[in-house]
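A.B. asks: next one to model:
(chains A and B)
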Amino acid sequence: MLTALEAVPGSAADPGALPVAGSPPPTVARPDFESFYRTNRDDLYAYVAGMLRDRTAAEDVTALAFERSFRKWRSFDPARGSARGWVFGIARNAALDELRRRGRERSTDREVADGEPAWGATGSAPDGPVEAAERREQRARLDRAVGRLSVADRELVALKFHAGLTNVEIAEITGLSASNVGTRLSRAMTRLREILAGPGEEMVQ
Amino acid sequence: MSHETENEHGELGRLLTASRPRPSEEFTDRLDRAVADGFPSEWVEERPSRSFADRLRRRFTGHSGRRVLLPAMAGLCGILFVAAVVIKAGESTGPESPAGPEATTAAQQMDEAGQGGAVAVDKTPPLAVSRDAAEAADGAAPLSVSGAKARKVARNAHIRLGTEPDGVQEAANRVVEVVDRYHGFVLNSDVTDGPAGRAGAEFALRIPAGSLEKAIADLSGIADLRSRSQSLTDITAPVSGAEKRLRKAGSRIQVLMAELDETTDPVERQKLENRIRAKQWIVRAARNQLKRFERRVDYAPVSVTVTTAEGDRAGDEPSRWGLSNALDDAGRILGVAAGVGVLALVVAIPVGLVVLIALAINRAWVRRARRRVLEKE
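C.D. replies: Purely as a prediction, here's the structure:
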């Protein structure tokens, strides 16, 4: 199962990604901030938006995370961890503070009025009108289901499937062990599947 | 977990990945520009503040905040430091007179004696009294000790005058005039011509004690008064001692003379004559000493110095200011600076500890609050 979860299509190449266990020692070289930003901008936004489920807040938190990391870029020590994990950690703290600030879950269960997720447009291939409508409906249901997950589960789902991080990277950000991340992620997916199969929702296949 | 469930998770994962949120073009354009420009101050100021801590941080660490806060803090520290140095320097040098701390102490004793109506000259050690030129210029009351007439008090004074090189001779003439006016005499004088700093005059005067105050006032007005000091010495005890020795020796001589009249033995007479001569020598010595005391009481030694050195003002005597003074001043300033530093540390260390503890508590509280957000279902 963990192997299946690791293989996430669409994950971005990461110049500051964590080394896999057993690999040679990491090269202690700080990547250029701008190239790092270009590589990780969409992933970071996807993670924050998936967690906060609010476009404006996600943009603010993403910008804040990049701004803070830019300010501290020179003091960042690559030997202590990956740049990607570091910036995601900054974004995570900012997102949790944002959730805390706005009364936590008050606005995370926002209903999607027009079938478009509240946290932004999704990338989708052009379809016919019927297929597009079905796809929108399907994503709206998925969005509602994700919104009913706990913050911790939603964070893991966002890190894994929206940001495309590996379990090792998620472990670095969340402070969990990699195996624990896999276990929790599996539970979160099971819960999501149960929500989708529950009353009022149609199982997504 | 079954293979079927794994596949279901994989399918769901693919769907989640396909529906991942994407930022708007407007936002990415704006952020791209900010990154390319290095997050300029305009960006920071335009970005909405999400929390009180963020607003506070921005206020104090932002570009505009630093522009105001850092100079303000530096200025405040500088003002505090300078104020502390000035206050400490004033405390350490202010009350001292040019004549030194001993004179100050004596002056204080004199003041106390005057206030209490007592006479400070009862004390055996010489009583030195010094008054600087400023006090003299203010028209302070002339130095006098009540009861001095009942006791034997020797006075002396030192006056330091400043003038131009071509005014030295004129000042010297006027000094002599004052001495003549009060029936004193010039014991010694030395007048030197030359450029500023070299030209000057030195006078050793004897002024009748009864006219001393007036004479000092007149001498002080001859030229620019730089400094003036007076001292009193109670010589009652040594005068009494000399008188006692005189009386005793006189009585003894009378006794010895009587014995000499009655003695016929030449050897014994020789012994008595020797003893009488010794006593007569004591009598002469005591009389001379009493005469000296009388002169000392009747005529006060007054030394007058006329100087042409520039900047030789009362209170800062650069002619006597040298390397040791510079080292003393430097040491004092360093000491004051060190004291200020220690005081600053005394204040800063507890404040810093409180701030550190507050930061640690805040950090722990924030972490706990974040964990609670994650634990919330």
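
A.B. asks: for the regular element (helix or strand) spanning residue A:85, output the C-alpha coordinates as CSV.
C.D. replies: If you go by DSSP states H and E, residue A:85 is part of helix A:83-101. Provided in CSV are the C-alpha atoms of helix A:83-101 (Å, rounded to 0.1, in the frame of the first residue of the first chain):
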residue,chain,number,x,y,z
ALA,A,83,15.0,23.5,1.4
ARG,A,84,11.6,22.1,0.3
GLY,A,85,10.9,20.7,3.7
TRP,A,86,12.0,23.9,5.4
VAL,A,87,9.7,26.1,3.3
PHE,A,88,6.8,23.7,3.6
GLY,A,89,7.4,23.8,7.4
ILE,A,90,7.1,27.6,7.3
ALA,A,91,4.0,27.4,5.2
ARG,A,92,2.6,24.8,7.6
ASN,A,93,3.1,27.0,10.6
ALA,A,94,1.5,29.9,8.8
ALA,A,95,-1.4,27.8,7.7
LEU,A,96,-2.0,26.5,11.2
ASP,A,97,-1.8,30.0,12.6
GLU,A,98,-4.3,31.1,10.0
LEU,A,99,-6.7,28.3,10.9
ARG,A,100,-6.2,29.2,14.5
ARG,A,101,-6.8,32.8,13.8
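
A.B. asks: that helix - what's its average pLDDT?
C.D. replies: The average of the pLDDT scores along helix A:83-101 is 90.

A.B. asks: give the buried residues for it.
C.D. replies: A:83-100 (16 or more other C-beta atoms under 10 Å in any protein chain shown). For the C-beta atoms, the positions are set from N, CA and C on the backbone; glycine is no exception.

A.B. asks: next helix or strand past that helix?
C.D. replies: Per DSSP H and E, the first helix or strand lying C-terminal to helix A:83-101 is helix A:129-147.

A.B. asks: so that following helix, near chain B or not?
C.D. replies: Yes. Counting by C-beta under 8 Å from any C-beta of the partner chain, chain B is contacted by helix A:129-147 at A:138-139, A:142-143, A:146.

A.B. asks: now for the longest helix that chain B contains, which elements pack on it?
C.D. replies: In chain B, with assignment by DSSP state H, the single longest helix is helix B:323-375. If contacts are counted by 3 or more C-beta pairs under 8 Å, 6 or more residues apart in numbering or on different chains; DSSP states H and E, helix B:323-375 sits against helix A:83-101, helix A:151-157, helix B:63-93.

A.B. asks: between the ones you listed, which gets nearest to residue B:283?
C.D. replies: helix B:63-93 (53.2 Å; C-beta to C-beta).

A.B. asks: about what we covered before: quick one: the longest helix of chain B to helix A:83-101, angle?
C.D. replies: Relative orientation of helix B:323-375 versus helix A:83-101 (axes from the mean of the first three to the mean of the last three C-alpha atoms, to 10 degrees): 70 degrees.

A.B. asks: now helix B:323-375, how far from the centre of its chain.
C.D. replies: Chain-centre distance of helix B:323-375: 31 Å, with C-alpha atoms, centre = their mean, to the nearest Å.

A.B. asks: and residue B:8, what's its pLDDT?
C.D. replies: 54.

A.B. asks: give me the element the closest residue to chain A within the stretch 151-300 of chain B is part of.
C.D. replies: Taking C-beta to the nearest C-beta, chain A has its nearest neighbour within the stretch 151-300 of chain B at residue B:197, 62.1 Å off. Using DSSP H and E, residue B:197 sits within no helix or strand.

A.B. asks: repeat that for the one 10 residues further on.
C.D. replies: Here residue B:207 sits within strand B:200-208, counting by DSSP H and E.

A.B. asks: what does residue B:187 give?
C.D. replies: Using DSSP H and E, residue B:187 sits in strand B:185-192.

A.B. asks: what mean pLDDT does that strand get?
C.D. replies: Per-residue scores along strand B:185-192 average to 90.

A.B. asks: swap in stretch B:249-269?
C.D. replies: Summarised as a single mean, pLDDT over stretch B:249-269 is 91.

A.B. asks: C-alpha coordinates for it, CSV please?
C.D. replies: Output of stretch B:249-269 as CSV, limited to C-alpha atoms (Å, rounded to 0.1, in the frame of the first residue of the first chain):
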residue,chain,number,x,y,z
ALA,B,249,63.9,78.6,82.7
GLY,B,250,63.8,82.1,84.3
SER,B,251,62.8,80.6,87.6
ARG,B,252,65.5,78.0,87.4
ILE,B,253,68.1,80.7,86.6
GLN,B,254,67.0,82.6,89.7
VAL,B,255,67.4,79.5,91.9
LEU,B,256,70.8,78.7,90.3
MET,B,257,72.0,82.3,90.8
ALA,B,258,71.1,82.1,94.5
GLU,B,259,73.0,78.8,94.8
LEU,B,260,75.9,80.4,93.0
ASP,B,261,76.0,83.2,95.5
GLU,B,262,76.2,80.8,98.4
THR,B,263,78.8,78.5,96.8
THR,B,264,82.5,79.1,97.3
ASP,B,265,83.9,75.9,95.8
PRO,B,266,85.4,76.8,92.5
VAL,B,267,84.4,73.5,90.9
GLU,B,268,80.9,73.6,92.1
ARG,B,269,80.6,77.2,91.0
